[in-house]
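In: Need a 3D model of the sequence below.
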Amino acid sequence: MRKIFTIIGGVIGILILLLLVYKVIMDKNYFADYDPKLPFNAQVSETGIVDSTVDFFGITRPRRFVKVLFTMTTRPGETMPVLLTLPVERQGKLPAIVFLHGIGQSKGFLEEICTPFNEAGFAMACFDQSMQGGRKVKGGWLAQATAFRKRPWKTVNDARRLIDYLQTHPEIDPERIYLVGASYGAITGSIITSLDKRVRAADLVVGGANIPVMLSAPFIKESVGNSALHWFGKQIVSCIMKPADPRHYVMRTAGTPVLMQNGSIDRLVSPQAGEELYRALGEPKEIRWYPCDHPGLGAKSEASIIVQILDEGLAWLLEKDKPFRKDGAPARTNEIHQSAA
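Out: A predicted model of the protein is given here:
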């Protein structure tokens, strides 16, 4: 009987060792999926001018831009829906901003914030990240957990594919690609900025690093409710998501200007997590603190602070794009581009 248990223990030990070796290999190749040579196969589904208003965290704001919806191939057998917004009045090649939405949002959020950027002469593009919008994942907890483990590398590589596409677009200046990420988009956006030097500058809004620190945020603790369960879950998630932690990569942003904009009372991406990301970033870098909670969690009175964050981020991007602008202003025309290809 003892011999049988010894054999069983040995088999279990070997299986655990094999799983650890497999995880090490998979972690090492976590972002290896990116293929810049893959055809885009861009297919436009909608084009038109949006001229209306939008309720933005309780504030009514105008919307005016050209909207282009299309899909493109991101990896063999997989496409992603993309929203591209352009200034209504424009001419010549435009600088482009890749916008990365938050963990629970979709590309449609871009329509709420793009108008000031478009009117300042920027094109903006946002894709539905894996598990969101037109890329919902079907299945039970195992399918969702697997998709969650894949989501960071898919987001990073999908963004790089979108940059590939934008650099071929007839209205986009391939040398003026910028990035704006919000929350989860800021976390993954910091990795994109590390891996892809085509990003001229990045504005990371309420981003953080160090997964155990991020999982210790007050909002997450309160949502779990049980301290023992929270501790155990933090260990599991930290292990599974280790290769997606920005602190392993962001020293490579050196040479690319990065602005961080964080909330000083943020309960979801805590100030401690923001500091972790800021310390790990390469130079040049800047962090600005705002007296607000995480967008969407705070009081309605904080809406004006969120608008301030966007306005200051836009001003910072304009400063980075200034060397390319004549008289500091975007050129204008009334032509509408009808194709994504």
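In: For the stretch 51-200 of the chain, just list every one of the helices.
Out: Assigned by DSSP state H, counting those that start in this stretch, the stretch 51-200 of the chain shows helices spanning 110-119, 141-166, 184-195.
In: helices and strands around the last one, which ones?
Out: Spelled out, that is helix 184-195. Helix 184-195 is packed against strand 94-100, helix 141-166, strand 172-182, strand 199-205, strand 258-263, with contacts defined by 3 or more CB pairs under 8 Å, 6 or more residues apart in numbering; DSSP states H and E. (Glycine included, C-beta is placed from N, CA and C.)
In: Of the helices of the stretch 51-200 of the chain, flag the one that's most buried.
Out: When neighbours are counted by mean count of other CB atoms under 10 Å, the highest per-stretch mean among the helices of the stretch 51-200 of the chain falls to helix 184-195, a mean of 26.
In: averaged over its residues, what pLDDT does that one have?
Out: Along helix 184-195, the predicted local confidence has a mean pLDDT of 98.
In: what sits up against that helix?
Out: Surrounding helix 184-195, the residues in contact under the criterion CB atoms under 8 Å, 6 or more residues apart in numbering are 31, 98-103, 129, 152, 155-156, 159-160, 179-181, 199, 202, 204-209, 214, 244, 246, 249-253, 256, 258, 260, 269, 277, 281.
In: List the contacts of the closest residue to residue 66 other than its chain neighbours.
Out: Nearest-residue entry for residue 66: residue 86, 4.2 Å, with adjacent residues in sequence omitted and distances by CB to CB, 6 or more residues apart in numbering. When contacts are counted by CB under 8 Å, 6+ apart, residue 86 touches 65, 66, 68, 94, 118, 123, 171, 337.
In: Residue 48 and residue 85 touch, don't they?
Out: No. At 11.1 Å, residue 48 and residue 85 do not qualify as touching, with contact defined as CB atoms under 8 Å.
In: Looking at those two now, which is surrounded by more residues?
Out: Under the neighbour definition other CB atoms under 10 Å, residue 48 and residue 85 were set side by side, and residue 85 has more, 26 against 10.
In: Does the more buried one touch residue 64 like I think?
Out: No. The pair residue 85 / residue 64 is not scored as a contact, 10.0 Å apart, by CB under 8 Å.
In: what touches both of the two?
Out: With CB under 8 Å, 6+ apart as the test, residue 85 and residue 64 both reach residue 118.
In: For this structure, just list every one of the strands.
Out: 43-56, 59-75, 78-86, 94-100, 123-127, 172-182, 199-205, 258-263, 285-290 (DSSP state E).
In: tell me which strands and helices the first one is in contact with?
Out: Counting contacts by 3+ CB pairs under 8 Å, 6+ apart, strand 43-56 packs against strand 59-75, helix 110-119, helix 303-321.
In: 7 Å instead, please
Out: Packed against strand 43-56 by the contact rule (3 or more CB pairs under 7 Å, 6 or more residues apart in numbering; DSSP states H and E) you find strand 59-75, helix 110-119.
In: Next: the fifth one.
Out: Contacts defined by 3+ CB pairs under 7 Å, 6+ apart place strand 123-127 against strand 78-86, strand 94-100, helix 110-119, helix 141-166.
In: any chance of the ones you listed in a markdown table, plus mean pLDDT?
Out: Rendered in a markdown table, the data for the helices and strands packed on strand 123-127 read as follows (pLDDT from 0 to 100):
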| stretch | mean pLDDT |
| --- | --- |
| strand 78-86 | 98 |
| strand 94-100 | 98 |
| helix 110-119 | 97 |
| helix 141-166 | 96 |
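In: Dump stretch 313-324 to PDB, restricted to CA.
Out: Backbone C-alpha positions of stretch 313-324 (Å, rounded to 0.1, in the frame of the first residue of the first chain) are rendered in PDB as follows:
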ATOM      1  CA  GLY A 313      -4.300  64.900 -21.800                       C
ATOM      2  CA  LEU A 314      -5.200  66.500 -25.100                       C
ATOM      3  CA  ALA A 315      -3.100  69.600 -24.400                       C
ATOM      4  CA  TRP A 316      -0.200  67.300 -23.600                       C
ATOM      5  CA  LEU A 317      -0.600  65.400 -26.900                       C
ATOM      6  CA  LEU A 318      -0.900  68.600 -28.800                       C
ATOM      7  CA  GLU A 319       2.400  69.700 -27.300                       C
ATOM      8  CA  LYS A 320       4.100  66.500 -28.400                       C
ATOM      9  CA  ASP A 321       2.600  66.800 -31.900                       C
ATOM     10  CA  LYS A 322       3.500  70.500 -32.200                       C
ATOM     11  CA  PRO A 323       6.700  70.100 -34.300                       C
ATOM     12  CA  PHE A 324       4.600  68.600 -37.100                       C
END
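In: how far is that stretch from where the chain is centred?
Out: The offset between the C-alpha centroid of stretch 313-324 and the centroid of the whole chain comes to 20 Å, using CA atoms, centre = their mean, to the nearest Å.
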